[in-house]
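sequence unavailable; structure follows:
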């Protein structure tokens, strides 16, 4: 769904400056044990591509699988080195392989990307066994009802991590409920802005919404977390509106059945995975994200960067981007009627919708760019390495 990242040039050789030798290029191993491609994986790619290549050499380590093909292909296209560790090996063999793979890179930083509590735990402990100077873990998502992982396993993993990164203040508060405050930093998600500044493709618009029917768009993995059944319920209350859903996932068949049951299948377009999300955003009238829980949704940032009016549920860090009545509209999660009312409000008030969209774009440009996110992460690396006195 994300646009392909531009390729990184080969890291330049460090050159001396008038003040002395240039700092060495340090290696950062980024690790994920994901089995799918969604917002967290898009942020991982954005971060790796955004780090200053004169100072940082990112290497992606993951377990190859059908679900990681897009992640690996996108990383390679961007000029990022990748390493695969087979998931099928036994626990001890997989752990040993991870330790060896990390050691070979001689990283200054190991950065794990977590999409659920205690994801990446094997990689984090392997990095500690490989004596990586600094271990960072970004928590991209916490479930609505947090699971309670085994206390000993949780304690071991947390002892290995020097700093947890939360992608929103709401996520930070949740992490600090179980960790010392000084072990959690908040660095919000950011996106590259350039792909979302283009104009509307009229031919694409006619394909999606003939006769200029109002067009809603959501970009999401088809998973229960995203609350899409409630959006289908809203469409059933809005007879002149079409909905395009960009994304795929385990709930696709169930959502198609629900659309048929509600009698809206002829007005719901299941687009599947798309590489032209910026064009889809430019073609829609409103963007809607009905999630039941979130960290800080990337798709909302993309919609706001495209100057699309946004309606989203008031969950997780969403309200840190969508300020109700200022940069979008917020509704309670799990409430199809409220979603329908918000859509009707914006479709009936183009001046309000345009104002929300303009202020949303300004906010993302100012505070949620990929450059801002990457710089804040690099500053955290520098701080932690200095604390460890790593030269």
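Ah, there it is. Everything numeric in this text was worked out from a predicted model, so none of it was measured. Numbering: from 1, shown residues only.

contacts, neighbours, all on C-alpha from now
OK.

from residue 164, how far out is residue 182?
As judged by CA to CA, to the nearest Å, residue 182 and residue 164 stand 9 Å apart.

okay, these two: which has more neighbours?
More crowded of residue 182 and residue 164, by other CA atoms under 10 Å: residue 164, with 25 against 9.

partners of the helix or strand hosting that one in the sheet?
Taking DSSP states H and E as the criterion, residue 164 maps to strand 163-166. For strand 163-166, the paired strands and their directions (DSSP bridges) read strand 134-139 (parallel), strand 184-186 (parallel).

immediately after that strand, which helix or strand?
Following strand 163-166 in sequence order, the next helix or strand is helix 169-176 (DSSP H and E).

follow-up on the earlier one: tell me the mean pLDDT for the strand holding residue 164?
The pLDDT scores in strand 163-166 average 97.

so what touches that strand?
Outside strand 163-166, the residues within contact range by CA atoms under 8 Å, 6 or more residues apart in numbering are 135-140, 172, 175, 183-188.

buried sites along that strand?
Along strand 163-166, these residues count as buried under the neighbour rule (16 or more other CA atoms under 10 Å): 163-166.

show me where pLDDT drops low in this protein?
1-23, 88-90, 144-149, 390-391 (pLDDT under 70).

so where do the strands sit in it?
Counting by DSSP state E, the chain has strands at residues 26-32, 56-62, 81-84, 109-114, 134-139, 163-166, 184-186, 215-219, 242-246, 268-272, 286-289, 310-313, 329-331.

which one of these lies nearest to residue 48?
Residue 48 lies closest to strand 56-62 among the strands of the chain, at 5.9 Å (CA to CA).

elements contacting the closest one?
Using 3 or more CA pairs under 8 Å, 6 or more residues apart in numbering; DSSP states H and E, the elements in contact with strand 56-62 are strand 26-32, strand 81-84.

any residues touching the first one, and which ones?
In other words, strand 26-32. Outside strand 26-32, the residues that touch it by CA under 8 Å, 6+ apart are 55-63, 102, 105-114, 120, 123.

pull out the buried residues from these.
Here, 16+ other CA under 10 Å leaves 55-63, 102, 106-114, 120, 123 buried among the contacts of strand 26-32.

count of neighbours near the nearest residue to residue 352 once chain neighbours are set aside?
Computed as CA to CA, 6 or more residues apart in numbering, the closest residue to residue 352 that is not its neighbour in sequence is residue 346, at 6.7 Å. A count of nearby residues for residue 346, using other CA under 10 Å, gives 21.

distance check, residue 346 against residue 355.
From residue 346 to residue 355 the distance is 11 Å (CA to CA).

deepest of the helices and strands packed on strand 56-62, which one?
Ranked by mean neighbour count under mean count of other CA atoms under 10 Å, the helices and strands packed on strand 56-62 are led by strand 26-32, which reaches a mean of 23.

quick one, it and strand 56-62 angle?
With axes from the mean of the first three to the mean of the last three CA atoms, to 10 degrees defining the directions, strand 26-32 sits at 30 degrees from strand 56-62.

quick check: the residue nearest to residue 43 when sequence neighbours are not counted vs residue 389, distance?
Using CA to CA, 6+ apart and skipping residues adjacent in sequence, the residue nearest residue 43 is residue 189, 7.0 Å away. To residue 389, residue 189 is 28 Å away according to CA to CA.

likewise for residue 76?
In terms of CA to CA, residue 76 sits 32 Å off from residue 389.

between the two, which is the more surrounded one?
Neighbour totals were compared for residue 76 and residue 389, and residue 76 leads with 16 against 9 (other CA under 10 Å).

residues in contact with the spatially closest residue to that one that is not a sequence neighbour?
Of all residues not flanking residue 76 in the chain, residue 82 sits nearest, at 7.0 Å (CA to CA, 6+ apart). By CA under 8 Å, 6+ apart, residue 82 lies in contact with 59-61, 72, 75-76.

please enumerate the helices of this structure.
For the chain, applying DSSP state H gives helices covering 39-50, 69-77, 91-105, 121-129, 151-160, 169-176, 202-208, 228-236, 252-262, 277-283, 298-305, 336-347, 350-367, 370-387.

looking at those helices, which is buried most?
Of all the helices of the chain, helix 298-305 has the most neighbours on average by mean count of other CA under 10 Å, namely a mean of 26.

also compute the angle for that one relative to helix 39-50, please.
60 degrees.

so residue 311 touches residue 291, yeah?
No: distance between residue 311 and residue 291: 10.8 Å, which falls outside the contact criterion (CA atoms under 8 Å).

of the strands paired with strand 163-166, which stretch is the most buried?
strand 134-139 (a mean of 24).

redo the strands paired with strand 163-166 as a markdown table? Include distance to residue 249.
Formatted as a markdown table, the strands paired with strand 163-166 follow (distance: least, CA to CA, whole Å):
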| stretch | distance to residue 249 |
| --- | --- |
| strand 134-139 | 21 |
| strand 184-186 | 29 |
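
what's the closest of those strands to residue 283?
Nearest to residue 283 among the strands paired with strand 163-166 is strand 134-139 (32.4 Å), distances taken as CA to CA.

okay, now residue 209: neighbour count?
So residue 209, with other CA under 10 Å, has 20 neighbours.

which residues does it contact?
Residues near residue 209 by CA under 8 Å, 6+ apart: 215, 242.
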